[in-house]
Structures are given as C-alpha cells and as structure tokens.
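Asks: here is a sequence with its predicted model. Questions after.
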Amino acid sequence: MKQLTSHFPKAFGRVAAIILLALPLALGGCAGDEEETAYVERPVEGIYNDAMDSMEAGKYTSAAKAFDEVERQHPYSKWATKAQVMSGYAYYMNGDYDDAIVALDRFIDLHPGHKDAAYAWYLKGLSYYEQISGVARDQRMTEGALDAFDNLVRRFPDSDYARDARLKVDLAHDHLAGKDMDVGRYYLRAGHHLAAIGRFRRVIEKWGTTTHVPEALHRLTEAYLALGVVEEARYTAAVLRHNFPDSEWYRDSWALLDSQDVLTAEERGLTQTAVVPSEIKQETN
C-alpha cells in the first residue's frame, strides 16, 4: 500500500495537467455553442407562419413553442394576440392540457372581450373535459370544465360554441350527480343512513335534471325505511311513482314498501300509472 500511495501524487499531477490543458479547449467549445444559440429576433410573420406550418404537419409541440415565441418577441403585435389562442390550441391537440389551460387563461385575462374569447373559453372547457375520470375519482376536472362552459354560455350565449357547451354542461352535471350517488351508496351499505340521505337529497335538489334522480329517490326510500321513518319512505316512493311511473326504481321502491308491510290497502291496489294525492302533486310540481 505504501508503494501505491507514494506514486499516486505524481500520477494525479499528470492527469491534472492534462485536464488543465484541455480546459480552455472545452470552454472555447461552450462559447461557440452559446453564440450559435444566441437570441435572434425574427420578423413576426415568419415565426407565426412557421408555427402554422408545424400545426399543419401535426408537430404540435413545435407549433406551441413557436406561437409562444411570437408573444415573447413581439408582445404588442396583433400576431401575439392570435398566437396566445393558437398556442392553447396546439397544446390541447398535443394532450398538454395543463399548458393549454395556462395559455388560454392568459388570453382570457388580457382580452376578455375579444372576438375569439368564446372559443378560448370553449377550448379551456375541453381541456378540462378531456381529463374527466370515473365517478370514483376526484372531480376537480369536471368542476373545471363546468366552470369554463358555464362562463361561455353566460358570456357568449349566441356564439357558435354555446350549444355544444350546454350539452357538455348537462353531461358534467350528470357526472357530478353520479359521484354523489357513488358516495351515497357507499354510506348506505356501511349503515351511515343519515350521511346517505344527505347525498341522495343533494342529487335531487342540485342535479334534479340528471338521469340519477329516479335511483336517488329509491335509495332515499331505502334509507328512510332503514331508519324506521316510514312516512318519509312512503312519501318519497309516491314522488318517485308520480314523476317516473315507468321506472324500474319506482317498482323496486313499491315492492320494498310492500315487503315491509307499510302500504295501505288502497296503495297496494294502485297501478304504476295511478294518480297520487293532490298534496304530493303540489310538492313535486
């Protein structure tokens, strides 16, 4: 070991000398690279046209970067305003939804009354909408889509994008109602009946135009019966029968009430199309 260590400093000195000699060459190379990538201002039309060429070729990442460069080099030009929207579109087409939302938010904040603002809101809504996952997952994307589409419909009701936005608002509502139903069923299975009732009532009161309402009324009937609140269970089943007489959920609720022997003789004789008492009609109209 002593012999090896005695020779180590000399060997290290030779290596160090080689490194020191090579260092200026390496630094010179770095300087050359920096000169090659130095900032060069280009005409705005040239950058914008390059971005559009990339879009047409399906090179969305390159297109987005080029549109961003338009804004960076020429922030006060009319091309910069167009480039902000196109950047959002390029990011959206590439599936970079977070980047798309950032670009579109910037455009909306700077140009809320621009003729392309409706499209920007629509594209922002789509960027959230494409990320909506199953009802068992977090619903922040659904809420983001709903907010963007609601803004579009409220601010630009006659725009070309408002009709599709309204359809997607309905779908987003249905999705959020589905989330509440999923949580409510979990509470019902676990025996947390009051928590389940809260979720099912929320579906009826907040998402009353969705496809989940008939099941929510049936699950409410189940939960009320489990708590022994018979009159509420009967009333809820009657509302279900009045509003959704052809629903399987109505038949399930009526069968459940019958199995618990809580129906009157008159109620047992009712058909699924029978008229409900007037006070129930008043409550449900």
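Replies: Here it is on my side, so go on.

Asks: which residues of the stretch 1-150 of the chain score low on pLDDT?
Replies: Applying pLDDT under 70 to the stretch 1-150 of the chain picks out residues 1-40, 134-138.

Asks: helices of that one, start to end?
Replies: With DSSP state H, counting those that start in this stretch applied, the stretch 1-150 of the chain shows helices at 2-36, 44-56, 60-73, 78-93, 97-110, 117-129, 140-155, listed in chain order.

Asks: return the most buried member of those helices.
Replies: By mean neighbour count, with neighbours taken as mean count of other Cβ atoms under 10 Å, helix 117-129 ranks first of the helices of the stretch 1-150 of the chain at a mean of 24. All C-beta atoms are positioned from the backbone trio N, CA, C, and that covers glycine.

Asks: nearest to Ala196, of the helices of the stretch 1-150 of the chain?
Replies: Closest to Ala196 of the helices of the stretch 1-150 of the chain, according to Cβ to Cβ: helix 140-155, at 21.6 Å.

Asks: would a markdown table of the helices of the stretch 1-150 of the chain with distance to Pro214 be doable?
Replies: A markdown table is the format used below for those (distance: least, Cβ to Cβ, whole Å):
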| stretch | distance to Pro214 |
| --- | --- |
| helix 2-36 | 68 |
| helix 44-56 | 46 |
| helix 60-73 | 43 |
| helix 78-93 | 36 |
| helix 97-110 | 34 |
| helix 117-129 | 26 |
| helix 140-155 | 22 |
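
Asks: between these, which gets nearest to Glu232?
Replies: Smallest distance to Glu232 across these (Cβ to Cβ): 30.7 Å, for helix 140-155.

Asks: now that closest one: how far from the chain's centre is it?
Replies: 9 Å (Cα atoms, centre = their mean, to the nearest Å).

Asks: counting by contacts, list what it packs against.
Replies: If contacts are counted by 3 or more Cβ pairs under 8 Å, 6 or more residues apart in numbering; DSSP states H and E, helix 140-155 sits against helix 117-129, helix 162-190.

Asks: for the shortest one, packing partners?
Replies: Judged by 3+ Cβ pairs under 8 Å, 6+ apart, helix 117-129 is in contact with helix 78-93, helix 97-110, helix 140-155, helix 162-190.

Asks: contact partners of it?
Replies: 85, 88-89, 92, 97, 100-101, 104-105, 107-108, 111, 114, 141-142, 144-145, 148-149, 151-152, 155-156, 159-162, 164-165, 168, 172 (Cβ atoms under 8 Å, 6 or more residues apart in numbering).

Asks: the same query, at a cut-off of 6 Å, please.
Replies: 85, 88, 92, 97, 100-101, 104, 107-108, 141, 144-145, 148-149, 151-152, 156, 159, 161 (Cβ atoms under 6 Å, 6 or more residues apart in numbering).

Asks: can you show me the CA trace of it as CSV?
Replies: Extracted as CSV, the C-alpha positions of helix 117-129 are listed here (Å, rounded to 0.1, in the frame of the first residue of the first chain):
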residue,chain,number,x,y,z
ALA,A,117,-62.8,34.9,-26.3
ALA,A,118,-65.8,32.5,-26.7
TYR,A,119,-63.5,30.0,-28.4
ALA,A,120,-60.9,30.4,-25.7
TRP,A,121,-63.5,29.6,-23.0
TYR,A,122,-64.7,26.6,-25.1
LEU,A,123,-61.1,25.3,-25.6
LYS,A,124,-60.4,25.7,-21.9
GLY,A,125,-63.5,23.7,-21.1
LEU,A,126,-62.5,21.0,-23.4
SER,A,127,-59.0,20.9,-21.8
TYR,A,128,-60.7,20.0,-18.5
TYR,A,129,-63.4,17.9,-20.1
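
Asks: please enumerate the helices of the stretch 151-285 of the chain.
Replies: Using DSSP H, counting those that start in this stretch, the helices of the stretch 151-285 of the chain run over residues 162-190, 193-206, 213-227, 230-243, 248-259, 265-268, 278-284.

Asks: now these in TSV, with mean neighbour count?
Replies: Shown next, in TSV, are those (neighbours: other Cβ atoms under 10 Å):
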stretch	mean neighbour count
helix 162-190	18
helix 193-206	18
helix 213-227	22
helix 230-243	21
helix 248-259	17
helix 265-268	10
helix 278-284	11
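
Asks: lowest average confidence across these, which one?
Replies: Ranked by mean pLDDT, the helices of the stretch 151-285 of the chain bottom out at helix 278-284, which scores a mean of 41.

Asks: how about the CA coordinates for stretch 237-257, as PDB?
Replies: Extracted C-alpha coordinates of stretch 237-257, given in PDB (Å, rounded to 0.1, in the frame of the first residue of the first chain):
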ATOM      1  CA  ALA A 237     -91.800   6.500  -3.100                       C
ATOM      2  CA  ALA A 238     -95.000   8.300  -4.000                       C
ATOM      3  CA  VAL A 239     -93.000  11.200  -5.500                       C
ATOM      4  CA  LEU A 240     -91.000   8.600  -7.500                       C
ATOM      5  CA  ARG A 241     -94.200   7.000  -8.700                       C
ATOM      6  CA  HIS A 242     -95.700  10.300  -9.800                       C
ATOM      7  CA  ASN A 243     -92.600  11.600 -11.700                       C
ATOM      8  CA  PHE A 244     -91.200   8.300 -13.000                       C
ATOM      9  CA  PRO A 245     -94.100   5.800 -13.300                       C
ATOM     10  CA  ASP A 246     -92.300   3.700 -15.900                       C
ATOM     11  CA  SER A 247     -89.100   3.500 -13.900                       C
ATOM     12  CA  GLU A 248     -87.700   0.200 -12.600                       C
ATOM     13  CA  TRP A 249     -86.700   2.200  -9.500                       C
ATOM     14  CA  TYR A 250     -90.300   3.000  -8.800                       C
ATOM     15  CA  ARG A 251     -91.300  -0.600  -9.000                       C
ATOM     16  CA  ASP A 252     -88.400  -1.600  -6.700                       C
ATOM     17  CA  SER A 253     -89.400   1.100  -4.100                       C
ATOM     18  CA  TRP A 254     -93.100   0.000  -4.100                       C
ATOM     19  CA  ALA A 255     -92.000  -3.700  -3.800                       C
ATOM     20  CA  LEU A 256     -89.800  -2.700  -0.800                       C
ATOM     21  CA  LEU A 257     -92.600  -0.900   0.900                       C
END
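
Asks: many thanks, have a good one.
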